[in-house]
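Undergrad: build me a model:
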Amino acid sequence: MDFNEISELTGLRESQVIYLLKDNEISISCDLAYILIQILYKTSLINKGFNFNNGQMELVTNWDSFGGFVVFEYDDKDYKLMGMATPYWDGNCSTPVDGSYFEDKETGQYIDVYDNSGIRTDYTPSKFNSIQELIDFLNNEYPKLLISPIRELIEYYKNNI
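TA: Just a heads-up that it's a prediction; the model follows:
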């Protein structure tokens, strides 16, 4: 049974089913991780705001009947960068990181164009043994893995502004 079927059968919301099953041993592939992310980002189990030495990042989601994606907003003293970075996008074992808005705060110049640069994070696990392991990855490793591609996108935009 999938989470929606369990939800309908028990009368619990999908997020409640996830919470009750999160510590159980479940083999989670990239396909299932993508489905779970769609549910997890609607809960308080996933952190959405992160502070780094030089800046801060907020992650929000946009899910609809066609699928969904994780949107990031990175902000430091010099630049603002917004884009998409959805782990397991479309069930794949990778995380594409694309920019859609860049602003140089010193000059006030900005670019408001989706880039589809093909940049990806260096690592995306291909398997988890529980929902809690996936939650731990999303709260701890995933935000750190975004920093390098974000810096690469900032350089890309700085050179094309």
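
Undergrad: which one's the longest helix in the chain?
TA: The helix that spans the most residues within the chain, counting by DSSP state H, is helix 142-160.

Undergrad: so who does P143 touch?
TA: By CB atoms under 8 Å, 6 or more residues apart in numbering, P143 lies in contact with 47, 50, 57, 59. In this view, the C-beta of every residue, glycine as well, is placed from N, C-alpha and C.

Undergrad: show me what the helix or strand that contains the third one is packed up against.
TA: Per DSSP states H and E, M57 falls inside strand 55-64. With contacts defined as 3 or more CB pairs under 8 Å, 6 or more residues apart in numbering; DSSP states H and E, the packing partners of strand 55-64 are strand 49-51, strand 67-76, helix 142-160.

Undergrad: who's the residue lying closest to Q56 once chain neighbours are set aside bridged to?
TA: Of all residues not flanking Q56 in the chain, D75 sits nearest, at 5.6 Å (CB to CB, 6 or more residues apart in numbering). Each beta-bridge partner of D75 is listed here, defined by DSSP bridges: Q56, K80.

Undergrad: do you know the pLDDT at the closest residue to S15 other than its chain neighbours?
TA: Spatial nearest neighbour of S15, chain neighbours left out: T43 (4.7 Å); criterion: CB to CB, 6+ apart. We have a pLDDT of 88 for T43.
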